[in-house]
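S.K.: A predicted structure for the sequence below; I have some questions about it.
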Amino acid sequence: MQIRSGIVGRSDSCQVFLVMPDKALRVGVVMDPIHSITPKKDSSLAMLLEATRRNAEIHYFEQADLRIFAGQARGRSRRLEVRDNHDAWFEFGSEQDITLGDLDVILMRKDPPFDMEFVYTTYILDRAAASGCLIVNNPQALRDMNEKAYTAWFPDYTPLTLITRSMDDMRAFLAEHGHVVVKPLDGMGGKSIFVIKKGDNNANVIFETLTDYGRRFAMAQEFIPEITLGDKRILLIDGEPVPYALARIPSADDNRGNLVMGATGKGQPLSARDREICAAVGPVLRERGVIFAGLDVIGDYMTEVNVTSPTGIRELDRQFDLNIAGLMFDAIERRLA
């Protein structure tokens with residue numbers, strides 16, 4: 001993207017410049033099939049709608065469209081048009097084979113599971129980045145920051161957490177703390193999350209299932225009773241928090257604060273503790289090239305750092321008349337400048 005600048009004002013000591021692109025952004029998106037999304041809830045669609053408002057040229061990819069040839073990242077692109085219509089939200093245009101490095105930015109929005117196919121996709125995006133394309137989020141950060149395990153980098157802000165393959169360790173953790181949450185390290189949307197109390201006869205089979213009889217790592221955390229008030233999703237743009245969180249309040253017959261599992265989303269201002277957590281985590285994410293992230297906070301404790309395909313944009317936009325995707329593209333354009 002070519003950049004031009006012009007003087008838009010001055011102070012006593014310096015001139016103030018506004019930096020503007022002299023042509024529309026070329027935006028790529030890697031995502032799950034767009035026909036399968038739920039438009040009114042989908043954050044990827046919110047991003048693409050904002051790209052459209054900025055007259056961007058949008059190129060759509062699924063994982064199978066990407067490849068490396070002779071060291072160069074390439075992709076079979078479909079031009080994409082989107083609209084805010086819950087019945088007909090997208091339309092494909094022409095197809096072409098392109099060099100990914102010729103795009104200005106690629107939004108990596110493929111949902112977990114975080115498997116080897118996901119990792120291989122990040123390798124391809126690494127090659128695109130080496131050719132000058134900005135990847136949101138940084139491919140190395142996507143590999144390094146497991147959404148559950150990365151909480152270990154911030155132990156002062158998280159509940160007591162155990163990551164292990166040992167069923168004996170999990171049994172001991174439950175025996176000591178009495179009420180725990182256990183979950184896999186590679187899931188999303190509340191899948192395979194269990195809340196267990198001491199004396200639950202299902203505990204052993206849950207530990208066996210999650211660890212595959214000691215062959216796979218899983219996580220256990222102390223149960224936080226404030227889950228009844230909601231599992232807060234806090235969105236960060238280039239390390240800075242959106243001033244409102246989406247508290248996902250579990251339904252009466254479920255412990256999980258996930259919208260896809262029936263939780264109700266209620267927006268609320270960030271608390272002082274929320275801001276303290278963001279002040280600790282945000283600068284680290286920004287330094288690692290994470291432009292868009294979602295922290296999950298229950299009560300006063302962060303339980304996950306979501307960097308793959310965080311959601312919550314559309315709900316917060318509606319409740320507080322925001323444009324979160326606009327803030328994200330502002331951050332992207334600052335980086336490109």
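M.R.: Happy to help now that I have it.
S.K.: Residue ranges in the stretch 51-200 of the chain under the pLDDT threshold?
M.R.: The stretch 51-200 of the chain contains residues with pLDDT under 70 at 188-190.
S.K.: Now do the helices in it.
M.R.: Here the stretch 51-200 of the chain has its helices, by DSSP state H, counting those that start in this stretch, at 116-130, 139-144, 167-177.
S.K.: tell me which residues in the shortest one are buried?
M.R.: Pointing back at helix 139-144 there. Neighbour-count burial for helix 139-144, with 16 or more other Cβ atoms under 10 Å as criterion, is recorded at Pro139, Ala141, Leu142. (C-beta placed from N, C-alpha, C; glycine too.)
S.K.: which one of these sits closest to Gly101?
M.R.: Pro139 (13.2 Å; Cβ to Cβ).
S.K.: What residue spans form the domains of the protein?
M.R.: Split into domains by automatic domain parsing, the chain comes to 3-145+328-336, 160-222, 227-306.
S.K.: centre of the chain versus the first one, how much separation?
M.R.: By that I understand domain 3-145+328-336. Its chain's average C-alpha position is 14 Å from that of domain 3-145+328-336, according to Cα atoms, centre = their mean, to the nearest Å.
S.K.: again, but for the shortest one
M.R.: Going by Cα atoms, centre = their mean, the spacing between the C-alpha centre of domain 160-222 and its chain's C-alpha centre is 24 Å.
S.K.: ends of it, how far apart?
M.R.: End-to-end distance of domain 160-222 (Cα to Cα, to the nearest Å): 6 Å.
S.K.: about what we covered before: Trp153 is nearest to which of the domains of the chain?
M.R.: Using Cβ to Cβ, the nearest of the domains of the chain to Trp153 is domain 227-306, at 7.3 Å.
S.K.: Please tell me how far Lys148 sits from Val182.
M.R.: Counting by Cβ to Cβ, to the nearest Å, the gap between Lys148 and Val182 amounts to 11 Å.
S.K.: overlap in contacts of these two?
M.R.: By Cβ atoms under 8 Å, 6 or more residues apart in numbering, Lys148 and Val182 have these common neighbours: Met219.
S.K.: What is the helix or strand hosting Gly294 packed up against?
M.R.: Element membership for Gly294 (DSSP states H and E) is strand 292-298. Applying 3 or more Cβ pairs under 8 Å, 6 or more residues apart in numbering; DSSP states H and E, one finds that strand 292-298 contacts strand 231-237, helix 272-287, strand 301-306.
S.K.: for the record, mean pLDDT for stretch 215-222?
M.R.: The average pLDDT within stretch 215-222 is 96.
S.K.: Show me the contact partners of that stretch.
M.R.: Contact partners of stretch 215-222, identified using Cβ under 8 Å, 6+ apart, comprise 148-149, 158-165, 170, 173-174, 177, 179-185, 207, 210-211, 303.
S.K.: Just the buried ones from the residues you listed?
M.R.: By 16+ other Cβ under 10 Å, the contacts of stretch 215-222 give 148-149, 158-159, 161-164, 170, 173-174, 177, 180-185, 207, 210-211, 303 as buried.
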